[in-house]
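Enquirer: Build me a model from this:
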Amino acid sequence: MPPTPTRHRSRTRSRRVTTLSLSLAGVITAGVALLGVSFAATTPPAAPPAQPNPNCTLRVPANPLTAQGLATPYRLTATDPAQGACHESNANQSAFVQATVIDPGTGTISVYDPLVIDNGSTPAAAPVVPTLPANAVVGIWFGYNGNTLTLAGHTAAGNCVGGVPGGQPFGQFAYCDAPAFFTAADTAEGAGRLTVPPLGTAKDGRPCLTTRDFGLVDQDQSDNVTTEYLATTQGTIAQKTAKNGAALGGGATMQPAALLNGSDNLLLDNFEDPALGCTPWTAPDLADPGSMVTSLALNELQAAKFQADPVAVVPLNDPMVTENNQQSRNKTNLYRAGVDQPALGATANGDPAAYCTDLATVGTRRINLDKPFTSVAASPQNGQTLFDFLTQRLAASLTNLGCQQAGSTPTATPTASASASATAVPTAMPTSTGLPTAMPTSSAAPTTGSTPTSSAAPTTGSTPTASAAPTTPAGGCTPAQLLADPGFEAGTAPPWQATPFVIDNSGGEPPHSGTWDAWLDGYLTPHTDTVSQQVTIPAGCKASLSFWLHVNSATPNSTADTLTVVADSTTLATYSDRNSASGYQQKTLDLSALAGRTVTLTFTGVEAKGSSRVSFVLDDTALNVS
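Expert: Sure thing, here's the model as predicted:
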């Protein structure tokens, strides 16, 4: 058996700015044994050289929504033959088709992956003709590992959408009759015939992720599919079924590989869910009896049903929905219709600044929360943990969406190997086509709605430190600052005791000074965080506790969410949403009554409502005695 090929990132993208879920495709298709398969590296004799044609056309067969149409292979050809041929077995040009079928009478859902082959070739094995229920409603979705996929052929018969008519294609995504499928599913659910399974609870105690969770999405969410194909050493393609694997899997006939389409969906189903102890929704595979598989449509139905606020839906600055690098409401609505998302309106307005803010704050918090699990989990990138992969992916998404928070997200930890770092997700795409690598700042990331920054922050980046103790005065108290690591700059909990991810340098909530702060709450779900330190206050001293506090609340008139400051069992102060401000405010509390005691100072942040986000951010603490 040939050795498993190492993973690499060789995909390029022209009109679309980098999106990590799509960069993921180039990594995954190059080879990931983590999914139980190796990935195709051998191309047919006529395959293009090192720089394959990134723009291909997929010809839709006749009657695509019928059983016979589903079993008829789609044919891949070059959009512009002068740029070179297109070959399905080339991992950088592979196109993928996925159908999800609902029986409106029973609500039963099933999945079928139509085959894609090179134009003029024959399949390695004849596709299975599916048995469809009477009055079946079929939705079809497309994914692509190159830059721009164009649909041709019998597109009208399938009600296919690949972009605005007469305009630019979405890029790597298209669909046929998807709105009809989602309408049928919604009707079946409303009638009690379809039950969308709940998300379940992840190891972190939160709901499992969805394709509309800011902890998962990137700059172009809800794109591509979870289809897999088998490839032979001759470059022919077959459906990935147990029968085909047995028939083609031996000797020199079958490349020990599977072609996959990198996507948010594949990242969720094959990496995030296993790492967090979650189980994706699956349905019977009509091509492979006894097999249960995932699909884009299943993910979107579950996300539409259960994703809590804030819900990530395609924003106006998503590169897939722009026309000539300008926002397009029509194209955005067409894309959203294909993935069961609401059209642009008052509650889902596609605001780029709001999307950037949620991606930088909510996304960062969930990624950090899950670090104990993802830092020991495999990722699509060889030699890199899932946590490092996600943080780099998030940073690149903020850059390519033109977010003003770009550069503020956590960087990968040093555990990633040098080779992984060298081939990890890039922060900008090549500009070989001359197109810009990010949306114009004026339209992509307006200054309104951004994460508040401190208006009171000092100009220096220093952090308060304990001063040298002078000679003991006549009163018997040596003036001193008693707290260890008062500005949290050690970057670790000790000497502070804190709940996970409170000691933070993500930049989602900027520090008052230095690079670290204590960020309590901000999860948009009921949650309690604490940070504390034990300290001995000498007898005979006057003592005061000071700290800089930034309360960032979406409901500043509320008192439901609180930050309480306690010394042992004595409550010193309580702050709430009503203390929300655009920057930090210094607070000072008298602790003289505690002189002569050893006490534990505890800051407890309670995010009670969960329906609106509130963050309590502490920095530059001090306990001064004199």
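Enquirer: where in the stretch 351-500 of the chain is pLDDT low?
Expert: By pLDDT under 70, the low-scoring segments of the stretch 351-500 of the chain are 406-476.
Enquirer: Please enumerate the helices of it.
Expert: 352-358, 364-369, 371-374, 386-400, 418-423, 441-444 (DSSP state H, counting those that start in this stretch).
Enquirer: cool, and the stretch 151-300 of the chain?
Expert: Under DSSP H, counting those that start in this stretch, the stretch 151-300 of the chain gives helices at 178-190, 242-248, 264-267, 273-276, 296-306.
Enquirer: Please work out which of those helices is packed deepest.
Expert: helix 264-267 (a mean of 28; mean count of other Cβ atoms under 10 Å). Backbone N, C-alpha and C define where each C-beta goes, glycine included.
Enquirer: Now do it: everything it contacts.
Expert: 21, 24, 28, 211, 216-218, 221-226, 260, 294-296, 299, 380 (Cβ atoms under 8 Å, 6 or more residues apart in numbering).
Enquirer: ok, now how distant is Gly350 from Gln341?
Expert: 10 Å (Cβ to Cβ, to the nearest Å).
Enquirer: Please read the previous query as pertaining to Ala377.
Expert: Taking Cβ to Cβ, one finds Ala377 at 29 Å from Gln341.
Enquirer: Neighbour count for these two, which is higher?
Expert: In this view Ala377 and Gln341 are compared by other Cβ atoms under 10 Å, and Gln341 has more residues nearby, 23 against 17.
Enquirer: which non-adjacent residue is nearest that one?
Expert: Val313 (4.6 Å; Cβ to Cβ, 6 or more residues apart in numbering).
Enquirer: mind checking which helix or strand of the protein has the lowest mean pLDDT?
Expert: Every helix and strand of the chain was ranked by mean pLDDT, DSSP states H and E. The lowest is helix 418-423, at a mean of 24.
Enquirer: Which segments of the protein make up each domain?
Expert: 20-344, 480-625 (automatic domain parsing).
Enquirer: Ok, which of those comes nearest Gln404?
Expert: domain 480-625 (11.2 Å; Cβ to Cβ).
Enquirer: and the nearest residue to Trp281 once chain neighbours are set aside, what pLDDT?
Expert: Of all residues not flanking Trp281 in the chain, Leu298 sits nearest, at 4.5 Å (Cβ to Cβ, 6+ apart). At Leu298, the model reports a pLDDT of 98.
Enquirer: now the one 5 residues further on
Expert: In the predicted model, Ala303 carries a pLDDT score of 97.
Enquirer: now do Asn90
Expert: 91.
Enquirer: could you redo the helices of the stretch 151-300 of the chain as a markdown table and give each row distance to Leu199?
Expert: Output for these, formatted as a markdown table (distance: least, Cβ to Cβ, whole Å):
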| stretch | distance to Leu199 |
| --- | --- |
| helix 178-190 | 16 |
| helix 242-248 | 29 |
| helix 264-267 | 15 |
| helix 273-276 | 10 |
| helix 296-306 | 5 |
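Enquirer: check contacts around Pro511.
Expert: Counted by Cβ under 8 Å, 6+ apart, Pro511 has contacts Gly487, Phe488, Asn505, Asp517, Val617, Asp619.
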